[in-house]
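Trainee: output the structure for:
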Amino acid sequence: MGTKRVEAVCSEFQSIERKKKVGRVFNFSPGPAVLPQLVLEQARDELLDWHGTGMSVMEMSHRSKEFIAIAEAAEADLRALLAIPANYRVLFLQGGATAQFAMVPMNLLRGKKSADYIHTGEWAKKAIAEAGKFCSVNVAASSADRNFSYVPRQAAWTLGPESGYVHITSNETIGGIEFHWLPDTGSVPLVADMSSHILARRLDVSRFGLIYAGAQKNIGPAGLTIVIVREDLIGQALPGTPAMLDYKIHADNGSMYNTPPTYALYIAGLVFQWLKKMGGLGEMEKVNLLKAGLIYQYLDGSRFFTSPVAEEDRSIMNIPFRLKDDALDEEFLKQARARGLTQLKGHRSVGGMRASIYNAMPVEGVRALVQFMREFEARHG
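Mentor: Numbers count the residues shown, from 1 in each chain. Take a look at the predicted model:
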């Protein structure tokens, strides 16, 4: 797409989100993360009285017609955004992506004794460890040989002949690597933890057996987890699976087997509406590519900052980077905070810096970060 068209899309995005108020910072947190300002303003306006009901959404019964309408609208909007096929169920759950590390093998083994996992970093590692409690885990490929700085190409994978599913972490929040291609696993269901990049770009849901994502990065506040699962894969949970961990029970009860995280679901629904107003995931993808491109272009031309991730596998949501002299890390963070650029410290397991630029991060925030980096390099490089 031409540069002028990209700029036009971003200009429209900015015109809606430009109203940066005094006291609001550019929040680069990996999660809980930045939310669209328009969403926060609408939630504020509806906090005490949702649509004339005289009560807040967080006070409503989840069985009330008002909240059921909120939940149904949220599901319909998510289905529209992702073009989710009719034979997939959408579940609004709790427990974060971490609970899914156990729920996936408990529900998707379906009589098989093993599962394939692609090891690409810290979150894949945690998923592998949890799955090992329920089945034999075949690590079909790993990028540990290069400190999890790339995605192993499928030609190097060694998939097991009797695996119940193949699991990928399609965007590693900590390491900043992303699958920019979809694996072909044939008749074996492909499962993806998409917590940190779901809704950042267009997606062919039909290529997956199951997708799961914690909401607190690109969807809404912490407390909500979204699962999109093909219908034929549910209903065969391991014997003894607790009711709260059985996808079929949640599907049969419309995600209301117990009280769902009602307010988090409401906010997610507002985010889905916001994304539709932005033009959908195709338009959002263009903005995200531009934002990531601004940072990577600067990193690639700098002799002071470096990117640890293979160029072809760089995440467009989570961008780790390092200073030439890590003794300057704290000074960088201090000066960044003074400029209203917050939450840039890298994960404790890898150090350095990290800019998480989810959908709600405006382009002007990314430009402000790059300008600060440029000035910091000029002073200290």
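Trainee: what about the strands in the stretch 51-200 of the chain?
Mentor: 88-93, 114-119, 136-142, 163-169, 171-172, 177-178, 190-193 (DSSP state E, counting those that start in this stretch).
Trainee: pLDDT averaged over the second one, what's the number?
Mentor: Strand 114-119 carries an average pLDDT of 98.
Trainee: now it against strand 163-169, angle please.
Mentor: 20 degrees (axes from the mean of the first three to the mean of the last three Cα atoms, to 10 degrees).
Trainee: so what secondary structure elements neighbour strand 114-119?
Mentor: helix 122-131, strand 136-142, strand 163-169 (3 or more Cβ pairs under 8 Å, 6 or more residues apart in numbering; DSSP states H and E). For glycine as for every other residue, the C-beta is placed from the backbone atoms N, C-alpha and C.
Trainee: out of the ones you listed, which is the most enclosed?
Mentor: The highest mean neighbour count among these, using mean count of other Cβ atoms under 10 Å, belongs to strand 163-169: a mean of 26.
Trainee: and the contacts of that strand?
Mentor: 104-105, 108-112, 114-118, 120-121, 123-124, 127, 131, 135, 138, 140, 159, 179, 183, 185, 188-193, 209-210 (Cβ atoms under 8 Å, 6 or more residues apart in numbering).
Trainee: how is this structure partitioned into domains?
Mentor: 3-43+280-380, 57-277 (automatic domain parsing).
Trainee: tell me the most buried of those?
Mentor: Highest mean neighbour count among the domains of the chain (mean count of other Cβ under 10 Å): domain 57-277, a mean of 19.
Trainee: show me where the stretch 251-381 of the chain has its strands.
Mentor: With DSSP E, counting those that start in this stretch as the criterion, the stretch 251-381 of the chain has strands spanning 305-306, 318-323, 341-342, 353-356.
Trainee: of the domains of the chain, which shows the lowest average pLDDT?
Mentor: Among the domains of the chain, domain 3-43+280-380 carries the lowest mean pLDDT, a mean of 90.
Trainee: re the thing from before, may I see the strands of the stretch 51-200 of the chain arranged in a markdown table, with distance to residue 334 as well?
Mentor: Output for the strands of the stretch 51-200 of the chain, formatted as a markdown table (distance: least, Cβ to Cβ, whole Å):
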| stretch | distance to residue 334 |
| --- | --- |
| strand 88-93 | 39 |
| strand 114-119 | 36 |
| strand 136-142 | 37 |
| strand 163-169 | 32 |
| strand 171-172 | 28 |
| strand 177-178 | 29 |
| strand 190-193 | 34 |
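Trainee: would you format the helices and strands packed on strand 114-119 as CSV with distance to residue 28 included?
Mentor: Shown next, in CSV, are the helices and strands packed on strand 114-119 (distance: least, Cβ to Cβ, whole Å):
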stretch, distance to residue 28
helix 122-131, 19
strand 136-142, 29
strand 163-169, 21
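Trainee: looking at these, which is closest to residue 308?
Mentor: Among those, helix 122-131 comes nearest to residue 308, with 13.8 Å by Cβ to Cβ.
Trainee: how far does the closest one sit from the chain's center?
Mentor: 17 Å (Cα atoms, centre = their mean, to the nearest Å).
Trainee: just stretch 218-237 next, same as before
Mentor: In terms of Cα atoms, centre = their mean, the centre of stretch 218-237 is set 13 Å apart from its chain centre.
Trainee: ok, back up a step: so which of the strands of the stretch 251-381 of the chain gets nearest residue 76?
Mentor: Going by Cβ to Cβ, the one of these nearest residue 76 is strand 353-356, 28.3 Å.
Trainee: now do the helices in the stretch 151-300 of the chain.
Mentor: 247-252, 262-277, 281-301 (DSSP state H, counting those that start in this stretch).
Trainee: and of those helices, who's closest to residue 32?
Mentor: helix 262-277 (10.6 Å).
Trainee: could you give the angle of that closest one to strand 88-93?
Mentor: Using the same axes, to 10 degrees: helix 262-277 against strand 88-93 is 130 degrees.
Trainee: contact partners of helix 262-277?
Mentor: Against helix 262-277 from outside (Cβ under 8 Å, 6+ apart): 16, 35-36, 38-39, 42-43, 57-58, 60, 62, 67, 70-71, 73-74, 77-78, 80-81, 92, 199, 215, 219-224, 226, 281, 284, 359-360.
Trainee: out of the helices and strands packed on strand 114-119, which is closest to residue 299?
Mentor: helix 122-131 (21.6 Å).
Trainee: CA atoms only: put the closest one into CSV for me.
Mentor: Extracted C-alpha coordinates of helix 122-131, given in CSV (Å, rounded to 0.1, in the frame of the first residue of the first chain):
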residue,chain,number,x,y,z
GLU,A,122,9.0,-17.8,28.1
TRP,A,123,5.3,-18.3,27.5
ALA,A,124,5.7,-21.4,25.3
LYS,A,125,8.0,-22.7,28.1
LYS,A,126,5.2,-22.3,30.7
ALA,A,127,2.6,-23.9,28.4
ILE,A,128,4.9,-26.9,27.8
ALA,A,129,5.5,-27.4,31.5
GLU,A,130,1.7,-27.4,32.3
ALA,A,131,0.8,-29.7,29.4
